[in-house]
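Participant: Predicted model and sequence follow; I will ask about them next.
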Amino acid sequence: MTGLSRRGFSLGLPALAAAGAGLASAGLAQPPAAAGRSADQPPLAQLRIGRFKVTALSDGYVDMPYEYFPGRPATEIEALAKAQFSARPGGIRMMFNQYLIEDGSSRILIDAGPGGTIGQSGKLPAGLEALGLDRGRIDAVIVTHMHQDHIGGLVAGEQANFAKAEIYVDRRELAHWTNPATRSASPAYLQNGIKLAGEVARLYPKLQAIDGEREIVPGVSIVDLSGHTPGHIGVRIADAGQSLIMAGDMLFPVVHPAGLDVNFLFEQDRPAAQAMRTRFFQRAAGEGAIIAATHMPFPGLGRVVAEQGQYRWLPAAWAFQG
Ligand SMILES: [Zn+2]
């Protein structure tokens, strides 16, 4: 690409804050790296919701085979991915996005990523480091649900990685994944997550099992999004007339929000997952709130819009918002 030279950037074009994201795959020149950052570092994106600073972090990604999206034949899922220019040799690329909420006095992280246990992951600590933070400075972690790709980063080698943090998990979720009956009834691909859920329960004395849509700190509250798992929750951040809903696994790339009939393989109660998506997408489209979603393309921020009888994901502008 010769038209977009380094000189172009010096003529006032905005540099990308998300390091290297998108440019390399589009075959464009890389912008000059900001001091102290390189293209190898995980991307960061920040936006303000009233008094809150919300930072999207990425633990990494994995490519999911087309067979992992039951409800439609794999060939149809592949065709959808191709139509959206999202087909990879290994399937659909799924991000592992986490979100840090700061209000000047507390730091709350939503989810911890797989922490190196799945795909190309384990980058969350480097992302926090780029913000001048280590895991010991996180006050609380809200766990949207106890699948491996959301709790793997909480523990390593019989140690709690976020030593100081209170952990918030829905009571139904904790009960499900720590119940021996779940382990014996679950397929092999869920066993790692079940083992991790037990470790999280054991290694975090400050773990709190929570009920219903309670407030964690003023302006940060739990939203019941059960269906993907028995105690799957979201987090609403609201201040000064602005709001964001971190919706965990309500959306998977390529197939959602349009494919209300498409599940993710790990969903044990598929009708419940579909019913919650149907309700949630309707509400999200009606409210117009910004949604943050774990597995959507980084930074996973967007809105659900209704268009000609179908839902569509509309990525949100996040940089230079005043
Ligand atoms: Zn997930």
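Facilitator: Noted; the coordinates are in hand. Source: prediction; values computed, not measured.
Participant: Is the closest residue to residue 210 other than its chain neighbours within a helix or a strand, and which one?
Facilitator: The shortest distance from residue 210 to any non-neighbouring residue, by C-beta to C-beta, 6 or more residues apart in numbering, is to residue 168 (5.4 Å). Every residue, glycine included, has its C-beta placed from N, CA and C. Element membership for residue 168 (DSSP states H and E) is strand 166-170.
Participant: tell me which strands and helices the helix or strand following that strand is in contact with?
Facilitator: Remark: after strand 166-170, the chain's next helix or strand is helix 171-177, criterion DSSP H and E. Packing partners of helix 171-177 (3 or more C-beta pairs under 8 Å, 6 or more residues apart in numbering; DSSP states H and E): helix 191-203, strand 207-210.
Participant: Can you lay out the ones you listed as TSV showing distance to residue 281?
Facilitator: Shown next, in TSV, are those (distance: least, C-beta to C-beta, whole Å):
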stretch	distance to residue 281
helix 191-203	26
strand 207-210	24
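Participant: Out of the ones you listed, which is closest to the ion?
Facilitator: The ion lies closest to helix 191-203 among those, at 9.8 Å (C-beta to the ion).
Participant: Give me the nearest residue to residue 78, chain neighbours excluded.
Facilitator: residue 66 (4.6 Å).
Participant: and the one you found, what is it in contact with?
Facilitator: By C-beta atoms under 8 Å, 6 or more residues apart in numbering, the residues touching residue 66 are 74, 75, 77, 78, 81, 91, 92.
Participant: Where does the stretch 1-150 of the chain get nearest to the ion, which residue?
Facilitator: residue 149 (4.4 Å).
Participant: do the longest helix along the chain and the ion meet?
Facilitator: For the chain, the helix with the greatest residue count under DSSP state H is helix 270-287. No - Helix 270-287 is not in contact with the ion by C-beta under 5 Å from the ion; minimum separation 12.1 Å.
Participant: Farthest-apart pair in the contacts of residue 66, please.
Facilitator: Spanning the widest gap among the contacts of residue 66 are 75 and 92, at 13.6 Å by C-beta to C-beta.
Participant: of those two, who's got more company?
Facilitator: Shown here are residue 75 and residue 92; by other C-beta atoms under 10 Å, residue 92 has more neighbours (24 against 9).
Participant: didn't the more buried one look like it was pressed against residue 82?
Facilitator: No - using C-beta atoms under 8 Å, residue 92 is not in contact with residue 82; the gap is 10.6 Å.
Participant: For my notes, confirm the residue of the stretch 1-150 of the chain closest to the ion occurs in a strand.
Facilitator: No - assignment of residue 149 by DSSP: H, G, I helix; E, B strand; the rest coil gives helix, placing it outside any strand.
Participant: I figured residue 206 hits residue 163, correct?
Facilitator: No - using C-beta under 8 Å, residue 206 makes no contact with residue 163, being 9.8 Å away.
Participant: follow-up on the earlier one: deepest of the helices and strands packed on helix 171-177, which one?
Facilitator: helix 191-203 (a mean of 18; mean count of other C-beta atoms under 10 Å).
Participant: Contacts for that one next, please.
Facilitator: In contact with helix 191-203 (C-beta under 8 Å, 6+ apart) are residues 117, 143, 146-148, 151-152, 154-155, 158-160, 167, 169, 174, 177-178, 182-183, 186, 207.
Participant: Show me what the strand holding residue 168 is packed up against.
Facilitator: Using 3+ C-beta pairs under 8 Å, 6+ apart: strand 166-170 touches strand 140-142, strand 207-210.
Participant: Enumerate the residues of the stretch 201-322 of the chain near the ion.
Facilitator: residue 249.
Participant: Tell me which residue of the stretch 201-322 of the chain lies closest to the ion.
Facilitator: For the stretch 201-322 of the chain, C-beta to the ion, closest residue to the ion: residue 249, 4.4 Å.
Participant: thought that residue was touching residue 144?
Facilitator: Yes - using C-beta under 8 Å, residue 249 is in contact with residue 144, at 7.0 Å.
Participant: overlap in contacts of the two?
Facilitator: Overlap of the contact sets of residue 249 and residue 144 (by C-beta under 8 Å, 6+ apart) consists of 232, 294.
Participant: With neighbour numbers in mind, choose between those two.
Facilitator: For the pair residue 249 and residue 144, the greater number of neighbours falls to residue 144 (31 against 27), based on other C-beta under 10 Å.
Participant: Not counting residues beside it along the chain, what's closest to the more buried one?
Facilitator: Nearest to residue 144 is residue 248, by C-beta to C-beta, 6+ apart, at 3.3 Å.
Participant: hey, where'd the strands end up in the stretch 51-200 of the chain?
Facilitator: Ranges of strands in the stretch 51-200 of the chain, per DSSP state E, counting those that start in this stretch, are 52-64, 87-88, 91-102, 107-110, 120-121, 140-142, 155-156, 159-160, 166-170.
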